[in-house]
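Visitor: need a structure here:
(chains A, B, C and D)
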2 protein chains.
Amino acid sequence: MPVSARDVARVAGVSVSTVSRALTRPDDVAPETRTRVLDVARGLGYLPNPAARSLITGRTGNIGLVVPDLENPFFASITKGFHARARSFGYAAFIADSDEDPAAEPELVRNLAKQVDGLVLCSPRGPEEVIAGMARDCPLVLVNRTCGDVATVTVDDHDGVRQAMVYLQALGHRRIAFAGGPRASWSNARRLSAFRSVGAQHPDTELVELGFFSPHVSGGTAAADLLIASGATAALAYNDLVAFGLLEGLRRRGVVVPRDMSLVGIDDIPMSGLAHPGLTSVGTPLVNVGRAAVDTLVAMVRDPTAPALHQDDLPVQLVVRGSTAPRRTAPAHAGPG
Amino acid sequence: MPVSARDVARVAGVSVSTVSRALTRPDDVAPETRTRVLDVARGLGYLPNPAARSLITGRTGNIGLVVPDLENPFFASITKGFHARARSFGYAAFIADSDEDPAAEPELVRNLAKQVDGLVLCSPRGPEEVIAGMARDCPLVLVNRTCGDVATVTVDDHDGVRQAMVYLQALGHRRIAFAGGPRASWSNARRLSAFRSVGAQHPDTELVELGFFSPHVSGGTAAADLLIASGATAALAYNDLVAFGLLEGLRRRGVVVPRDMSLVGIDDIPMSGLAHPGLTSVGTPLVNVGRAAVDTLVAMVRDPTAPALHQDDLPVQLVVRGSTAPRRTAPAHAGPG
DNA sequence: TTGTATGCGTTATCAC
DNA sequence: GTGATAACGCATACAA
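Guide: Okay, the predicted model is just below:
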């Protein structure tokens, strides 16, 4: 049933090498021979065996993606973009899910390393040394974090946070809280630092750092009471999931969004537009992040001698929806004091 | 840099064959030789080349999954389960996204066929002949549809619809609408038929079929006005996304859920619990569907002679949340008549 | 332009 | 229990 180059060669009346050439470098073969071989190949449904090919060429025609959680809409969107772009380049796509466990990443990478031409890695919390080690196993592109000379694709977190805060200030908010993500998260460090630096430029605005939370809905529900107690009238969340958790937690306490509290998320995952109220969020081009990572990886693979590319600071754009409103002069909910 | 079996053999002072055996059939080699070889292998960081191995064994150690849309939470969850189970069996996982285009599936399958031991295919709308053709390219397991003798994993749609309708009837609803999915969708046919058959057993309940809609939020928003005009007090949606669209469309018209209308979705995707009001939904074990598909596939691969497995009708369980309530005696919104 | 010969890294077969 | 050897399917260098 499996048809090999030998079969094609026999039927077309040529040698195996001519079959190989007709497919890989058509120009090196006489036009009439070429068409005959190609016709026979198509007729027989011949497809080159990737394993045999990769054994010779050293290339696999595959690339892979490692993410912490495929069910997380953030990574689902990146995966979508990754696959689409990979396909457009003719690559097949491996995926791996570390289940939020950075310790699982090295093994996943090693298992894939020999079967891919390169990998894209989303590791928000993996230690630098470990990342560097994986980069030695196989061409690597990091998403949303940096690590030494390793190639990278990041979004402009700083500008996103700036946009969100400028907007909240324009709405009249003067006490703004930040519900952070995991302590070890590279993005969180970046977003927190942006929060502080933007705040420092606006002395009339008080900043409240609520702490570090899980980057999921549960993290937001955990932060909700702290937010209420903080006296802030608006909050920026580490990401949309945390913002949803805040929304839920506030609702339980009778705090109405956006009347009593304005909420801004980051990432603008697809469900943020569907929620009610719609979540105002810093729009991140998630699918493009996946695409850009593939572009970077392909560039590396095609010219391994070139220095690592850094597609830094992809632009973001605040998307305003129903979870934000002008500050009320007299807060309706019980704050401290 | 890449270390081969030859390197291990040389360092360990044995032949390449022994190295191979020590890794694949440890029992066939003397204990002391084995430990020495294994130690050297580990020390050198040796990993067998999968391409070379697959060339001779005919097996790849990979399996693949083809879905219509990785960003759709329904398939994201299935993908999650697929990968987890694949990994636990030692398989690496390919993925492919057909972008909702059934016509793209055969090409995706063909591209992957030679690199995998088998594929799981989610093709809600692909024509039977095409599916059958793909099943010839490579061991195949279908998710949520059947096709001749091709192996299959499905959930118990009929019972799910029954649970939903019995529940709505218990709440007092006597006019229940169904917002269907795509006309060509296998699941939709199944769910619609269950809707009718359950309805037929309850002569005191009127059924309204609103029509066929896109299986996304947009489909639900399109159906909302039809739902209002139908005079139904409760609706069952093809899936949760359609239910969300209904929710949004009803909100725009001032119809309050669940006060004026009860809404039930199907699938219970993760975001259904986060929405407000929470969506009552027929809970489908999505992650388990992915797992079950891998189990079925692995069974096929291990014993190709066995007849195709059919893990039919995985159990479902209605999850009640805020989008359903007892029928009000006097509807507040304008219905016909 | 085409065919022959070689080798990629591994497993399988068969001697020893 | 171990080693030499062939073979998997293909791409490449080289010869013709």
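Visitor: Skipping adjacent residues, who's closest to residue A:197 in space?
Guide: In space, and not counting its chain neighbours, residue A:197 is closest to residue A:158: 7.6 Å by Cβ to Cβ, 6 or more residues apart in numbering or on different chains. Where you see a C-beta, it was placed from the backbone N, CA and C, and this is true even at glycine.
Visitor: Which secondary structure state is assigned to that neighbour?
Guide: helix (DSSP: H, G, I helix; E, B strand; the rest coil).
Visitor: Tell me how many other residues surround it.
Guide: For residue A:158, the count of nearby residues is 17 (other Cβ atoms under 10 Å in any protein chain shown).
Visitor: could you point out which element follows the helix or strand where residue A:299 lies?
Guide: Applying DSSP states H and E as the criterion places residue A:299 in helix A:286-302. Next helix or strand after helix A:286-302 toward the C-terminus (DSSP H and E): strand A:310-314.
Visitor: For that following strand, buried residues please.
Guide: In terms of neighbour count (16 or more other Cβ atoms under 10 Å in any protein chain shown), strand A:310-314 has its buried residues at A:310, A:311, A:314.
Visitor: Over to stretch A:136-153?
Guide: For stretch A:136-153, burial by neighbour count (16+ other Cβ under 10 Å) applies to A:137-147, A:150-153.
Visitor: Widest-spaced pair of the residues you listed?
Guide: A:137 and A:144 (20.4 Å; Cβ to Cβ).
Visitor: So for stretch A:294-312, mean pLDDT?
Guide: Stretch A:294-312 carries an average pLDDT of 90.
Visitor: then stretch A:249-264 to CSV, C-alphas only?
Guide: C-alpha atoms of stretch A:249-264 as CSV (Å, rounded to 0.1, in the frame of the first residue of the first chain):
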residue,chain,number,x,y,z
GLY,A,249,-15.7,38.4,43.5
LEU,A,250,-17.0,41.9,43.4
ARG,A,251,-20.4,40.7,42.3
ARG,A,252,-20.6,38.5,45.3
ARG,A,253,-20.0,41.5,47.6
GLY,A,254,-22.6,43.6,45.8
VAL,A,255,-20.0,45.8,44.2
VAL,A,256,-21.4,46.8,40.8
VAL,A,257,-19.0,47.0,37.8
PRO,A,258,-18.6,49.6,36.4
ARG,A,259,-20.8,51.7,38.7
ASP,A,260,-18.8,51.2,41.8
MET,A,261,-15.6,49.9,40.3
SER,A,262,-13.9,50.1,36.9
LEU,A,263,-12.0,47.0,35.8
VAL,A,264,-9.4,46.6,33.0
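Visitor: Is there proximity between that stretch and chain B?
Guide: Yes: shown here: stretch A:249-264 in contact with chain B (Cβ under 8 Å from any Cβ of the partner chain) through residue A:251.
Visitor: what comes up buried for that stretch?
Guide: Buried-residue list, stretch A:249-264, by 16+ other Cβ under 10 Å: A:249, A:250, A:255, A:257, A:258, A:260, A:261, A:262, A:263, A:264.
Visitor: which residues touch the first one?
Guide: If a contact means Cβ atoms under 8 Å, 6 or more residues apart in numbering or on different chains, then residue A:249 has A:220, A:221, A:222, A:223, A:224, A:225, A:227 as its contacts.
Visitor: did I read that right, the third one in a helix?
Guide: This means residue A:222. Yes: under three-state DSSP, residue A:222 falls within a helix.
Visitor: pLDDT on whichever helix or strand residue A:247 is part of, on average?
Guide: Counting by DSSP H and E, the element that carries residue A:247 is helix A:240-252. Helix A:240-252 carries an average pLDDT of 97.
Visitor: Stretch A:168-181 too?
Guide: 98.
Visitor: same question, stretch A:63-74
Guide: The model assigns stretch A:63-74 a mean pLDDT of 98.
Visitor: same question, stretch A:317-326
Guide: Per-residue pLDDT over stretch A:317-326 has a mean of 98.
Visitor: related to what we said a few turns ago, give me the distance from the helix holding residue A:247 to the chain's centre.
Guide: Here helix A:240-252 is found 22 Å from its chain centre; the criterion is Cα atoms, centre = their mean, to the nearest Å.
Visitor: Over to stretch A:156-174?
Guide: The answer for stretch A:156-174 is 23 Å, by Cα atoms, centre = their mean.
Visitor: So which bits of it are buried?
Guide: A:156-165, A:167-169, A:171, A:173.
Visitor: Enumerate every residue touching whichever residue of the stretch 201-337 of chain A sits closest to DNA strand C.
Guide: Using Cβ to the nearest atom of the strand, residue A:304 is the residue of the stretch 201-337 of chain A that sits closest to DNA strand C, at 17.0 Å. Residues near residue A:304 by Cβ under 8 Å, 6+ apart: residue A:139.
Visitor: From residue B:114, how far out is residue A:37?
Guide: 19 Å (Cβ to Cβ, to the nearest Å).
Visitor: if we can go back for a sec, residue B:30: which of the buried residues of stretch A:156-174 is nearest?
Guide: Taking these together and measuring to residue B:30 by Cβ to Cβ, the closest member is residue A:157, at 58.1 Å.
Visitor: The closest one touches residue A:190, doesn't it?
Guide: Yes: Residue A:157 is in contact with residue A:190 according to Cβ atoms under 8 Å; the separation is 4.5 Å.
Visitor: shared neighbours of those two, which are they?
Guide: Joint contacts of residue A:157 and residue A:190 (Cβ under 8 Å, 6+ apart) do not exist.
Visitor: what's the burial count for residue A:24?
Guide: 12.
Visitor: Next, work out how far apart it and chain B are.
Guide: 16 Å (Cβ to the nearest Cβ, to the nearest Å).
Visitor: can you check residue A:29 too?
Guide: 24 Å.
Visitor: That residue: what's it in contact with?
Guide: Here residue A:29 is in contact with A:18, A:21, A:22, A:37 (Cβ under 8 Å, 6+ apart).
Visitor: out of those, which one sits closest to DNA strand C?
Guide: For those, the nearest to DNA strand C is residue A:18 (3.5 Å; Cβ to the nearest atom of the strand).
Visitor: Now do the same contact list for whichever residue of the stretch 201-337 of chain A sits closest to chain B.
Guide: Among the residues of the stretch 201-337 of chain A, residue A:271 lies closest to chain B, at 5.1 Å counting by Cβ to the nearest Cβ. Neighbouring residues of residue A:271 by Cβ under 8 Å, 6+ apart: A:73, A:240, B:73, B:271, B:274.
Visitor: quick one: which of those residues is most hemmed in?
Guide: Neighbour max across these (other Cβ under 10 Å) = residue A:240, 27 neighbours.
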